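Peer 1: Show me the folded form of this:
(2 chains)
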Amino acid sequence: MTTLGTRPPETTPPAPPPTGAAPSPSPLRRVGPWLLNGYAGAVVFILFLPILVIILFSFNDPVGKFNFVWKGFSLEAWQDPFKYEPLVDAMIVSLEVAAVSTVISAVLGTLIAVALVRYRFTGSGATNTFLVLPLTTPEVVMGASLLTLFLDLNWATGFWTIVIAHAMFQISFVALTVKARVRGFDWSLEDAAMDLGATPLRTFLRVTFPLILPGVVAAAMLSFALSMDDFIITLFNSGNEVTYPLFVNNAAKTALPPQINVMATLIMLASLVVIGLSQIYTRWRTRG
Amino acid sequence: MGDEGVEPEESATAVAAAGAGSRDTIELDRVTKTFGDQIAVNDVGFGIAEGEFFSLLGPSGCGKTTTLRMIAGFEVPTSGSIRLAGADVSHVPPYKRNVNTVFQHYALFPHMTVRNNVAFGPRSKKVPKADARSRADEVIRVVRMEDFADRKPGQLSGGQQQRVALARALVNYPTALLLDEPLGALDLKLRQAMQLELKRIQREVGITFVYVTHDQEEALTMSDRIAVMSEGRVEQIGSPTEIYDAPATVFVAGFIGQANLWPCTVVGARNGTTSVEALGATLTAPSDEASPEGEATLMVRPERVRVSATDPRPAPGVNATVTDLVFQGPVIRLALAAADGSEIVAHVGSDHDLPFLRPGDEVTASWDTGAGRVLPGRPPAMDADDYFDEELAEDWESAPR
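Peer 2: Numbers count the residues shown, from 1 in each chain, chains lettered A, B, ... in the order given. Next up is the predicted model:
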């Protein structure tokens, strides 16, 4: 505002006098939040109901071989969770498969993600498309075609074919998840590191990797879970190997001891602990 | 602003720049950079002396940042060569060059404390941990950030981050410091404070600064020399006064400060003056060996234009009609229409002896012969009126007097 004359100093107009009591809100406005909260609560409850049932039935004292009907509270299964050896073996196989395939897919998926975001190269567009395919192809098709491949190659199906099959869809999953994280990465940080005398390797180890690590860890944790519960692809390529989901499926036809529920609850607790630890770690990192 | 005696100086530095090539810290020799079929930097060559504050100035997309990135080593020139302290580094990767960069958005490592950010340079150069730490602390003191050494970048203000970026770039004792619009993200007040701060630090450490900016005021304030760039080419290199008072091209005249740029026809040159037809009159301007012929542009800075409401002066004067006036604080900006319709902009100081002018008043505009420059080529089509504020003009007219 520029004038040659002087303007009267700006004065704030006095606040308007209060206009009596605030108008009462319509009935809908008062009920609305309750409706919304109730609805959301119901949705969450239905989502978690199966999990609650699993936990609850781990304390059941079942009659016969099947743990389907609530009979009475018992700590028997919890006192001896590793009673059934085949169940424990299956769980160990599942953990081993998940660990190995997750390490493979975390490394390869991260490298693919960095390459796809950072560089334009011949075939980068095609790679992007092919990455999505394992996640969108029906698992039956994936499992059957992998089995065909292994048979053609004359490979005996077993532990390593399960690992390969799992790593195959996990790589896609890790690459897509890490890509989202890497896309927001400030590449001038790499320039800055090299400008200061860091070799490309030191730049990656000291700057790029620590900054994308949370994304990699999150992707690895999720793909570990994907491996743990994969059934269809595993069924095709497992040979004589029995993973936890395969064991449960077989058991459903003959006998379902509550130890299965105990094991499931333990897995859930373990993942809750991991999530909690990662939260604490994130807080600790962002703290001064 | 100096009135006279600019031209000889200009030719003197031109000779010095050409002759002193081997002693320059940074030398660019016919450097061209293309991205696909786009030419980002086109046949650029200049030398930067040791301890000099050298600015690359130009609008966005003029190639100034690409030029800087080539000096830093992030881009390899398509042709030509770059020498640092005499050695050809055109194909040397950034981590083997002894220059450091202050990035536009600082590029501080968010997962490291201020001290670790600054110590990253010496640590990468294999300096022992304790030495790297004490060197970092020393530079952190130079930029006055010692109270914040244990914080992370996210906990610092823009100006503080700026200082850390500066410290981090200085800690390796570089031959030259490259600054890519380092103050662009700061607000005006802080920017002005940091300009002085940068000058202080440059004096203290005595390192060559190469400073990229699109802000002409910043370049004029801080630089020893400025290279004005446009469309990948260097339009002119010179001291701030040379660039301002004696622009070499229409682009430089229009980009640095404000300028009246009128189309003119050169009709003759004699005794160091050129006669031109412009604004419906015959006017004179100083000439040098580079003076163009035929169709050209006459440039006069608005603050050099004198306006008188009474009888015309004998010297070059142009009859004109007032079309607009705007009070701008230190100056009054007058827009006049010459007889041929061209617009003349004049900045009149507050100590003027003019009666109150109104649109439609007849006046005479004049200037010292030395204030005019004849430049090759036609003025750009864009009108100087683009930044004229109608509302302010109305305020002026309706204001009580």
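Peer 1: Name the secondary structure element that contains residue 217.
Peer 2: Let's take chain A. helix A:209-229 (DSSP states H and E).
Peer 1: wait, I meant chain B there
Peer 2: helix B:216-222.
Peer 1: Following element in sequence after that helix, please.
Peer 2: Assigned by DSSP H and E, the successor of helix B:216-222 is strand B:225-230.
Peer 1: and that next one, which strands flank it?
Peer 2: Strand B:225-230 has the following strand partners under DSSP bridges: strand B:53-57 (parallel), strand B:233-238 (antiparallel).
Peer 1: Tell me which helix or strand comes right after the last one.
Peer 2: Counting by DSSP H and E, the element after strand B:233-238 in chain order, helix or strand, is helix B:240-245.
Peer 1: Same question for the first one.
Peer 2: Using DSSP H and E, the helix or strand that follows strand B:53-57 towards the C-terminus is helix B:64-72.
Peer 1: Which residue is the nearest non-sequential neighbour of residue 267?
Peer 2: By default, I'm working from chain A. Computed as C-beta to C-beta, 6 or more residues apart in numbering or on different chains, the closest residue to A:Ile267 that is not its neighbour in sequence is A:Met228, at 7.2 Å. Glycine gets a C-beta too; all of them are placed from N, C-alpha and C.
Peer 1: hmm, I had chain B in mind actually
Peer 2: Leaving aside its sequence neighbours, B:Val267 sits nearest to B:Ser275 (C-beta to C-beta, 6+ apart; 5.0 Å).
Peer 1: part of a helix, is that neighbour?
Peer 2: No. Counting by DSSP: H, G, I helix; E, B strand; the rest coil, one finds B:Ser275 to be strand, located in no helix.
Peer 1: quick one: pLDDT of the residue lying closest to A:Thr127 once chain neighbours are set aside?
Peer 2: In space, and not counting its chain neighbours, A:Thr127 is closest to A:Leu116: 6.4 Å by C-beta to C-beta, 6+ apart. In this model, A:Leu116 is scored at 91, pLDDT.
Peer 1: what's the neighbour count on A:Leu116?
Peer 2: For A:Leu116, the neighbour count with other C-beta atoms under 10 Å in any protein chain shown is 21.
Peer 1: What distance do you get for it to A:Gly109?
Peer 2: Per C-beta to C-beta, to the nearest Å, A:Leu116 is found 10 Å from A:Gly109.
Peer 1: Common neighbours of these two, please.
Peer 2: Residues touching both A:Leu116 and A:Gly109 by C-beta atoms under 8 Å, 6 or more residues apart in numbering or on different chains: A:Ala175.
Peer 1: Show me the shaky parts of the chain.
Peer 2: Picked chain A for this. Within chain A, the set of residues satisfying pLDDT under 70 comprises A:1-25, A:285-288.
Peer 1: sorry, should have said chain B
Peer 2: Looking at chain B by pLDDT under 70, you get B:1-22, B:289-291, B:310-316, B:350-355, B:381-401.
Peer 1: Of all the helix elements in it, which one is longest?
Peer 2: Longest helix in chain B, counting residues (DSSP state H): helix B:188-205.
Peer 1: and it with strand B:53-57, angle?
Peer 2: 140 degrees (axes from the mean of the first three to the mean of the last three C-alpha atoms, to 10 degrees).
Peer 1: And helix B:188-205, what's buried?
Peer 2: By neighbour count on 16 or more other C-beta atoms under 10 Å in any protein chain shown, the buried set for helix B:188-205 is B:190-191, B:194-195, B:197-198, B:201-202.
Peer 1: if we can go back for a sec, tell me what the helix or strand harbouring the residue nearest to A:Thr127 is packed against?
Peer 2: Using DSSP H and E, A:Leu116 maps to helix A:85-118. Counting contacts by 3 or more C-beta pairs under 8 Å, 6 or more residues apart in numbering or on different chains; DSSP states H and E, helix A:85-118 is packed against helix A:124-136, helix A:159-183, helix A:209-229, helix A:244-254, helix A:259-286.
Peer 1: Mind putting these into a markdown table with mean neighbour count?
Peer 2: Shown next, in a markdown table, are these (neighbours: other C-beta atoms under 10 Å in any protein chain shown):
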| stretch | mean neighbour count |
| --- | --- |
| helix A:124-136 | 12 |
| helix A:159-183 | 21 |
| helix A:209-229 | 18 |
| helix A:244-254 | 16 |
| helix A:259-286 | 14 |
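Peer 1: Distance to A:Asn60 added to those helices, as a markdown table?
Peer 2: As requested, the helices and strands packed on helix A:85-118 are arranged in a markdown table below (distance: least, C-beta to C-beta, whole Å):
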| stretch | distance to A:Asn60 |
| --- | --- |
| helix A:124-136 | 37 |
| helix A:159-183 | 31 |
| helix A:209-229 | 22 |
| helix A:244-254 | 15 |
| helix A:259-286 | 8 |
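Peer 1: all strands of the stretch 251-400 of chain B, in order?
Peer 2: B:260-270, B:273-278, B:281-286, B:295-300, B:306-308, B:317-327, B:331-338, B:343-349, B:362-366, B:373-376 (DSSP state E, counting those that start in this stretch).
Peer 1: contacts for the first one?
Peer 2: Residues from elsewhere that reach strand B:260-270, judged by C-beta under 8 Å, 6+ apart: B:250, B:253-254, B:274-279, B:282-283, B:287, B:291-302, B:305, B:342-345, B:374-375, B:378-380, B:384.
Peer 1: Identify the residues contacting the spatially most central residue of chain A.
Peer 2: By C-alpha atoms, centre = their mean, chain A has its centre lying nearest to A:Leu222, at 2.8 Å. Taking C-beta under 8 Å, 6+ apart, we find A:Leu222 in contact with A:173, A:177.
Peer 1: so how far is chain B from it?
Peer 2: Per C-beta to the nearest C-beta, to the nearest Å, A:Leu222 is found 23 Å from chain B.
Peer 1: unless I'm mixing things up, the residue nearest to A:Thr127 is touching A:Lys179, no?
Peer 2: Yes. Between A:Leu116 and A:Lys179 there is a contact under C-beta atoms under 8 Å: 6.1 Å.
Peer 1: what's the host helix or strand of A:Leu47 packed up against?
Peer 2: Taking DSSP H and E as the criterion, A:Leu47 maps to helix A:27-57. If you count contacts as 3+ C-beta pairs under 8 Å, 6+ apart, helix A:27-57 packs onto helix A:259-286.
Peer 1: Give me the angle between the helix it packs on and helix A:209-229.
Peer 2: Using the same axes, to 10 degrees: helix A:259-286 against helix A:209-229 is 170 degrees.
Peer 1: Which other helices and strands does helix A:259-286 contact?
Peer 2: Contacts defined by 3+ C-beta pairs under 8 Å, 6+ apart place helix A:259-286 against helix A:27-57, helix A:76-79, helix A:85-118, helix A:209-229, helix A:244-254.
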